[in-house]
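*Asks:* Sequence and computational prediction follow.
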Amino acid sequence: MYLPDSLKRRLSALAERTHRSEAELIRSAVEHLVEGDASAPPVELAVPGRLVGVGVGPGSADLLTVRALRALRRADVVLAPSTDLSAVGRAEAIVRDAAPDVVVERMTFAMTPDLEARRAALDAAAARTVELLEAGDEVAFITLGDPNLYSTFSSVADGVRERRPHTTVLTVPGVMAFQDLATRAGVVLADDQQTFVVLPANEAEVSEPGGRVAELLADAGCTLVLYKGGRRIEAIAERLEEMGRLEGATFGELLGMPGERVGPVSSVADRPASYLSAVIVPAKR
């Protein structure tokens, strides 16, 4: 049986990840094809040159979906963002806990206001990803939360498409931090008579009396979620109190991670908070 080198390499990697022999994997695939046994799903094989953004959730390993696990174990290479190649990033930590058999390759990202540094890091990440795709690998890129909302993956995918326009890009959805926080705090995010808005607090005009946040808070039927506002938590609390929306507002940071904290915004406004945080201001019922 002739197998191209790229397929041999992926078959070998799959055998190692699943602790099965290559012969067993080939036999399983052939049996499924010939017999059409619906009760025995075929082994998922990587697709050469495909990029998959995988959402790993906010922090708890048990919130990593079955689809995400399949994507991670199917991929030839799993890429993980990190602020330093010697440091375990948040997304990698989740994968380590949920799937210790999955090996990741770290990519350095600049999490600073320096646009040039951030652009250089993204360019390097896109170039490395294209190199792997051109070698015939299926590449999975892991990201906190969901790859389609406030995620570095979208920027990496754009860079890959610029360099390799024919690349197939897929995403695997992940649980968002505000969903986990709502569950922990027993907060209903919205019903069919209410509106629901998510904003990044670093872009929202938290301190502006007539700004976007104030406008949304003035609508009692609107639930507002503010993301990544740990450094502005004091200003957020002040704005909520001015608008009569402080009561019932919930804060959460580092959910499912060491240092996790969940509680009323009023109880944390005078303390330092993490970048990985969320505030839920529920609509008045």
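*Replies:* Right, received. Where do you want to start? Residues are numbered from 1 along each chain as shown.

*Asks:* ok now the helix or strand where Glu238 lies, how far from the chain's centre?
*Replies:* Element membership for Glu238 (DSSP states H and E) is helix 233-242. With Cα atoms, centre = their mean, to the nearest Å as the basis, helix 233-242 stands 28 Å off its chain's centre.

*Asks:* who does it touch, helix- and strand-wise?
*Replies:* Here helix 233-242 touches helix 212-217, strand 277-281, going by 3 or more Cβ pairs under 8 Å, 6 or more residues apart in numbering; DSSP states H and E. Where C-beta positions appear, they are placed from N, C-alpha and C, glycine not excepted.

*Asks:* Validate this expectation: Ala140 resides in a helix.
*Replies:* No - under DSSP: H, G, I helix; E, B strand; the rest coil, Ala140 sits outside any helix and is assigned strand.

*Asks:* how close does it sit to Ala99?
*Replies:* 11 Å (Cβ to Cβ, to the nearest Å).

*Asks:* just His166 next, same as before
*Replies:* 30 Å.

*Asks:* How about residues contacting the strand or helix carrying Ala127?
*Replies:* Per DSSP H and E: Ala127 is located in helix 115-134. With contacts defined as Cβ atoms under 8 Å, 6 or more residues apart in numbering, helix 115-134 is touched by 49-51, 76-77, 79, 81, 107-112, 139, 141, 152, 155-156, 158-160, 162-164, 167.

*Asks:* burial measure for Leu3, as a count.
*Replies:* Applying other Cβ atoms under 10 Å, we find 12 residues neighbouring Leu3.

*Asks:* when you give positions from now on, start the count at 38
*Replies:* Sure, I'll start counting at 38 from here, so that last one is Leu40.

*Asks:* Name the strands paired with the helix or strand hosting Leu88 and say parallel or antiparallel.
*Replies:* If you go by DSSP H and E, Leu88 is part of strand 87-92. In the sheet, strand 87-92 lines up against strand 176-180 (parallel), strand 205-209 (parallel) (DSSP bridges).

*Asks:* Which neighbouring elements make contact with the following helix or strand past the first one?
*Replies:* Using DSSP H and E, the helix or strand that follows strand 176-180 in sequence is helix 189-200. For helix 189-200, the packing partners by 3+ Cβ pairs under 8 Å, 6+ apart come out as strand 87-92, helix 152-171, strand 176-180, strand 205-209.

*Asks:* just so I know, which of the ones you listed lies nearest Pro301?
*Replies:* strand 87-92 (28.2 Å; Cβ to Cβ).

*Asks:* May I have the closest one exported as PDB, CA atoms only?
*Replies:* The C-alpha trace of strand 87-92 is given here as PDB (Å, rounded to 0.1, in the frame of the first residue of the first chain):
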ATOM      1  CA  ARG A  87      -5.900  23.000   7.300                       C
ATOM      2  CA  LEU A  88      -5.900  25.600  10.200                       C
ATOM      3  CA  VAL A  89      -8.300  25.100  13.100                       C
ATOM      4  CA  GLY A  90      -8.900  27.700  15.800                       C
ATOM      5  CA  VAL A  91      -9.900  25.800  19.000                       C
ATOM      6  CA  GLY A  92     -11.600  27.500  21.900                       C
END
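
*Asks:* Just list the residues touching Ala214, thanks.
*Replies:* Here Ala214 is in contact with 95-96, 181-182, 264, 289, 292, 313, 315 (criterion: Cβ under 8 Å, 6+ apart).

*Asks:* let's see 6 Å
*Replies:* By Cβ atoms under 6 Å, 6 or more residues apart in numbering, Ala214 lies in contact with 95, 292, 315.

*Asks:* Tell me the one of the residues you listed nearest Leu82?
*Replies:* Checking the contacts of Ala214 one by one against Leu82 (Cβ to Cβ), the nearest turns out to be Pro95, at 30.2 Å.

*Asks:* now the residue nearest to the closest one when sequence neighbours are not counted: how far from Asp99?
*Replies:* Of all residues not flanking Pro95 in the chain, Ala214 sits nearest, at 3.9 Å (Cβ to Cβ, 6 or more residues apart in numbering). Going from Ala214 to Asp99 by Cβ to Cβ gives 15 Å.
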